[in-house]
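Colleague: structure here, sequence nowhere to be found:
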């Protein structure tokens with residue numbers, strides 16, 4: 001099996017972000033993927049520039065970091081947090097995706113063997129792995145659950161998710 005066999009196709013109409021979109025717009029796209037495509041939703045989306053090149057990823061953790069900067073945790077350890085989250089969330093809503101996205105990306109070719117993909121997930125503690133075609137264009141994303149489901153099918157001697 002190869003990366004292209006388990007990746008989820010990326011359709012940028014609602015599964016990609018642009019660098020100048022806001023966190024609020026990103027959250028709406030996360031929600032839309034849950035409502036329209038994935039019942040469990042996604043917790044990270046690729047960020048594409050106007051040329052269609054992959055320039056970053058935004059994950060739920062990136063949004064949390066924007067809401068609760070790490071320096072605040074130590075500085076406010078004895079501070080009362082009551083009501084602070086609401087105010088902080090509303091403040092960051094207009095922050096641009098380009099300000100919080102992860103730009104150091106680990107990617108894989110669509111022809112990469114699944115063992116290579118699994119190794120990358122473990123080596124870099126990934127939750128999602130962008131998949132590029134031979135021209136270097138983003139064609140899909142492998143989520144940790146995709147690797148897990150592939151392993152389950154092999155362990156349970158299932159083909160295409162159904163018992164043999």
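Modeller: It's in. Predicted model only: the values in this text are computed from it and were never measured. Numbers count the residues shown, from 1 in each chain.
Colleague: ok, and for stretch 48-61, which residues are buried?
Modeller: 48, 54, 55, 56, 57, 58, 59 (16 or more other CB atoms under 10 Å). No exception for glycine: its C-beta is placed from N, CA and C like everyone else's.
Colleague: tell me which of those residues fall in strands.
Modeller: Judged by DSSP state E, the subset of the buried residues of stretch 48-61 located in strands is 48, 54, 55, 56, 57, 58, 59.
Colleague: kindly state the beta-bridge partners for the last one.
Modeller: When bridges are taken as DSSP bridges, the partners of residue 59 come out as residue 44.
Colleague: list just the nearest of the buried residues of stretch 48-61 to residue 113.
Modeller: Minimum distance to residue 113 across these is 21.4 Å, recorded for residue 54 (CB to CB).
Colleague: that closest one against residue 18, yeah?
Modeller: No. In this structure, residue 54 is not within contact of residue 18 by CB atoms under 8 Å, at 12.0 Å.
Colleague: overlap of the contact sets of these two?
Modeller: 47, 48 (CB atoms under 8 Å, 6 or more residues apart in numbering).
Colleague: list the buried residues for the lengthiest helix in the chain?
Modeller: In the chain, ranked by residue count with DSSP state H as the criterion, the top helix is helix 23-36. By neighbour count on 16+ other CB under 10 Å, the buried set for helix 23-36 is 23, 25, 26, 29, 30, 33.
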